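**Student:** Model the following, please.
(one chain, ligands or ions: 2)
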Amino acid sequence: MARSDLVKALMRSHQHGDDRAFHTAAEAIIEDERRKRHDLLADDLAAILEDPAAKRRPLQVSSLTPLPKTRDEHPLLSIVQPSVSFQDLVLSPPISEVLASIVDEFRLRSQLRAHGVQPRSTLLFVGPPGTGKSMSALAIAGELGLPVARIQLAVVVSSYLGETARNLEQIFRFLETGSWVLLFDEFDLLGRERADRSDHGELRRVVAAMLQIIDEHHADSLFIATSNHPALLDTAVWRRFDDVVEFDLPDKATRVALIRLKLRGVRHRMDITATASAMDGYSPAEIESACLNAIRLMVRRNEQTVASEHMAYGMEREEARRRASSSSPG
Ligand SMILES: Nc1ncnc2c1ncn2[C@@H]1O[C@H](COP(=O)(O)OP(=O)(O)O)[C@@H](O)[C@H]1O
Ligand SMILES: [Mg+2]
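**Tutor:** Ligands and ions are numbered 1, 2, ... in the order given. As a prediction, the model looks like this:
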């Protein structure tokens with residue numbers, strides 16, 4: 001293969017999370033360098049490829065399988081190797097506890113089964129946007145060392161009529177090759193469909209089929225659905241999950257912890273308690289965004305310390321954005 005094709009293959013394999021294709025391309029590049037008598041470079045590349053530190057990531061059998069795609073070649077899911085853990089999250093104690101217990105149960109699943117009990121493995125995370133639902137799913141996966149398979153519900157059902165069943169089968173054949181956190185964001189798409197009956201219950205069937213297959217075949221995976229609009233989900237859907245976790249806007253103590261976390265690594269001098277009081281009603285994502293704006297202002301001004309005036313600016317920008325989005329249609 002020509003060098004340009006190898007580089008393309010390398011990048012494509014990365015985008016698709018395809019480890020096997022990545023290794024094939026990388027090895028071909030190393031071989032190519034050896035042929036050109038660039039032995040030092042070839043040795044360096046081989047050392048990078050074999051780096052034992054990188055092997056911490058458990059090898060997923062599934063990474064040897066190509067990603068499932070629709071008939072017109074849209075990937076039905078994307079694979080993420082999460083780089084976050086519980087340390088990156090600030091949650092109220094009851095929520096932290098549930099998340100930790102889920103991780104424990106997954107780790108103890110064989111012992112639980114020996115007692116005739118299944119670990120909780122299908123979860124619904126509900127609550128306002130920006131409260132850490134998706135991030136918690138990633139953090140659970142991070143804690144367990146599992147990759148996340150993120151499903152695009154719209155892609156699963158939007159392709160040609162009658163292809164949904166085939167798409168689902170593709171997804172599940174793929175998932176059977178490994179152990180995953182299967183993340184299903186914006187699960188309430190389901191409820192929106194009920195309001196507009198035009199697509200004949202397709203989404204509902206998809207979700208029912210998914211939950212059933214997970215119940216039956218995916219003992220070694222976790223299934224997490226998230227929704228900002230739980231009112232759109234009917235109780236029959238709620239009941240299908242082993243547990244439902246309600247995420248809340250942070251109280252003042254939690255906001256203090258969030259501000260500290262988001263300013264970690266930056267020098268700051270301000271009254272954090274007062275700032276947290278002023279951020280009443282902010283979601284964690286909004287707190288993060290205000291802190292990032294404050295840091296940006298500090299850097300633009302060539303200053304070294306985040307102070308309350310930077311934070312005031314950060315909050316002002318965040319509030320302007322909130323006003324703009326609440327007046328936007330949809
Ligand atoms: N509880 C939290 N602790 C720390 N950071 C958070 C938290 N919630 C949200 N964030 C930040 O906001 C971003 C968006 O949060 P996300 O998990 O996508 O919210 P949701 O899925 O509830 O809408 C996250 O990537 C993270 O940077
Ligand atoms: Mg989300």
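**Student:** Bridged to the closest residue to L123 other than its chain neighbours, which residues?
**Tutor:** Using CB to CB, 6 or more residues apart in numbering and skipping the chain neighbours, the partner closest in space to L123 is I224 (4.9 Å). To be clear about C-beta, it is placed using only N, CA and C from the backbone, and glycine gets the same treatment. Beta-bridge partners recorded for I224 (DSSP bridges): L123, L183.
**Student:** Where does the closest residue to ligand 2 within the chain sit, in terms of helix or strand?
**Tutor:** Taking CB to the ion, ligand 2 has its nearest neighbour within the chain at S134, 3.3 Å off. Per DSSP states H and E, S134 falls inside helix 133-144.
**Student:** what is the mean pLDDT for that helix?
**Tutor:** Across helix 133-144, pLDDT averages out at 97.
**Student:** following it, which helix or strand comes up?
**Tutor:** Next helix or strand after helix 133-144 toward the C-terminus (DSSP H and E): strand 148-151.
**Student:** Tell me how many other residues surround R205.
**Tutor:** By other CB atoms under 10 Å, the residues close to R205 number 14.
**Student:** In contact with the residue nearest to L123, which residues?
**Tutor:** Counting by CB atoms under 8 Å, 6 or more residues apart in numbering, I224 touches 123-125, 137, 140, 181-184.
**Student:** From ligand 1, how far out is the residue nearest to E303 when sequence neighbours are not counted?
**Tutor:** In space, and not counting its chain neighbours, E303 is closest to H310: 7.9 Å by CB to CB, 6+ apart. Per CB to the nearest ligand atom, to the nearest Å, H310 is found 19 Å from ligand 1.
**Student:** Looks to me like H310 is in a helix.
**Tutor:** Yes. Secondary structure assignment places H310 in a helix (DSSP: H, G, I helix; E, B strand; the rest coil).
**Student:** What distance do you get for the residue most central in space within the chain to S96?
**Tutor:** Geometric centre of the chain, nearest residue: L138, 4.4 Å, by CA atoms, centre = their mean. To S96, L138 is 15 Å away according to CB to CB, to the nearest Å.
**Student:** What of S283?
**Tutor:** Using CB to CB, S283 is found at 17 Å from S96.
**Student:** Neighbour count: those two, which is higher?
**Tutor:** Per other CB under 10 Å, whichever of S283 and S96 has more neighbours is S283, with 21 against 14.
**Student:** The closest residue to that one other than its chain neighbours: neighbouring residues, count only.
**Tutor:** In space, and not counting its chain neighbours, S283 is closest to G130: 3.6 Å by CB to CB, 6+ apart. Using other CB under 10 Å, G130 has 19 neighbouring residues.
**Student:** tell me the pLDDT at G130?
**Tutor:** If you check G130, the pLDDT there is 97.
**Student:** Just confirm it is within a helix.
**Tutor:** No. Assignment of G130 by three-state DSSP gives coil, placing it outside any helix.
**Student:** Contact partners for the residue in the stretch 101-250 of the chain that ligand 1 sits nearest to?
**Tutor:** Nearest residue of the stretch 101-250 of the chain to ligand 1: G132, at 2.8 Å (CB to the nearest ligand atom). Listed by CB under 8 Å, 6+ apart, the contact partners of G132 are 89, 91, 247, 284-285.
**Student:** Let me see the contact set for the residue of the chain closest to ligand 2.
**Tutor:** Contacts of S134 (CB under 8 Å, 6+ apart): 183, 185, 226.
**Student:** what's the distance between it and Q212?
**Tutor:** Distance from S134 to Q212, by CB to CB: 24 Å.
**Student:** what does A2 give?
**Tutor:** To Q212, A2 is 48 Å away according to CB to CB.
**Student:** Pretty sure F174 sits against P75.
**Tutor:** No. F174 is beyond contact range of P75, at 10.4 Å (criterion: CB atoms under 8 Å).
**Student:** which of the two has more neighbours?
**Tutor:** A count of neighbours by other CB under 10 Å puts F174 above the other of F174 and P75, at 20 against 16.
**Student:** Ramachandran coordinates for that one?
**Tutor:** In terms of degrees, to the nearest 10, the main-chain angles of F174 are phi -70, psi -50.
**Student:** The one 3 residues further on now?
**Tutor:** Listed backbone geometry of T177 is phi -80, psi 0, with angles given as degrees, to the nearest 10.
**Student:** next one: R301
**Tutor:** Dihedral angles for R301 - degrees, to the nearest 10 - are phi -90, psi 0.
**Student:** Repeat that for V80.
**Tutor:** The phi/psi pair for V80 (degrees, to the nearest 10) is phi -120, psi 130.
**Student:** separation between it and V181?
**Tutor:** In terms of CB to CB, V80 sits 9 Å off from V181.
**Student:** shared neighbours of these two, which are they?
**Tutor:** 138, 147-148.
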